[in-house]
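Asker: I'll drop the sequence and a predicted model, then ask my questions.
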Amino acid sequence: SQKIEQNSEALNIQEGKTATLTCNYTNYSPAYLQWYRQDPGRGPVFLLLIRENEKEKRKERLKVTFDTTLKQSLFHITASQPADSATYLCALGGNDYKLSFGAGTTVTVRA
Amino acid sequence: KAGVTQTPRYLIKTRGQQVTLSCSPISGHRSVSWYQQTPGQGLQFLFEYFSETQRNKGNFPGRFSGRQFSNSRSEMNVSTLELGDSALYLCASSLQGWGSTDTQYFGPGTRLTVL
């Protein structure tokens, strides 16, 4: 069955450094992959989408890569700030009217 | 424009009771999806509705049901509540509900506690 794994439950980094999060999947061929941010007590907020035929996408300090051969996406937050502290979720989608989410990685940025 | 709204925000029920949660999508969005979020299982897809039709359903027992009205508002119902149903229930709306250009917008969720 389909499986989505995010590299670790928690990531602690120093302000100004780059945070790198991993999303691996098996038994699935997504048409696209999305990354969301979720703050405590709130719903997820969409950040970036990358399609299966794209290698890299950027938005401000965020960068996502997508390797369909490795079945992996990497999500980078450069020049991290304490305000970036949150849980980040990857989600895989196709044409089946649903998103399948990973468990999330909680990022804490220390000032 | 207003975001996705969910009511109620918090709910406490006892085992065996039933509950109905409501979701109002962003104006113009016709797709509404429901997810259950728990610490152990993460975000799990429940079902998706578009123009009052359920197009996909996750692996949940029949106690979980939903519907969508002609104005795209949606409700989900859980009957015969169990302790394990305690979770954050999230609703998301989008224009079409599929496709790489269709972003989902989540509501704040309803926190259900079953005692």
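Answerer: Alright, I've got the coordinates.
Asker: list the contacts of the residue lying closest to A:Leu70 once chain neighbours are set aside.
Answerer: Nearest residue to A:Leu70, sequence neighbours excluded (Cβ to Cβ, 6 or more residues apart in numbering or on different chains): A:Asn24, at 7.9 Å. C-beta: built from backbone N, CA, C; applies to glycine. When contacts are counted by Cβ atoms under 8 Å, 6 or more residues apart in numbering or on different chains, A:Asn24 is found next to A:Ile4, A:Glu5, A:Gln6, A:Asn7, A:Leu70, A:Lys71, A:Gln72.
Asker: switch the cut-off to 10 Å
Answerer: For A:Asn24, the contact set (Cβ atoms under 10 Å, 6 or more residues apart in numbering or on different chains) comprises A:3-7, A:67, A:70-74, A:90, A:102.
Asker: same thing with A:Thr22?
Answerer: A:Thr22 makes contact with A:Glu5, A:Gln6, A:Asn7, A:Ser8, A:Gln72, A:Ser73, A:Leu74, A:Phe75, A:Cys90, A:Gly102, A:Thr105, according to Cβ under 10 Å, 6+ apart.
Asker: could those residues go into a markdown table alongside neighbour count?
Answerer: Formatted as a markdown table, those follow (neighbours: other Cβ atoms under 10 Å in any protein chain shown):
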| residue | neighbour count |
| --- | --- |
| A:Glu5 | 14 |
| A:Gln6 | 24 |
| A:Asn7 | 15 |
| A:Ser8 | 10 |
| A:Gln72 | 16 |
| A:Ser73 | 26 |
| A:Leu74 | 18 |
| A:Phe75 | 25 |
| A:Cys90 | 27 |
| A:Gly102 | 25 |
| A:Thr105 | 22 |
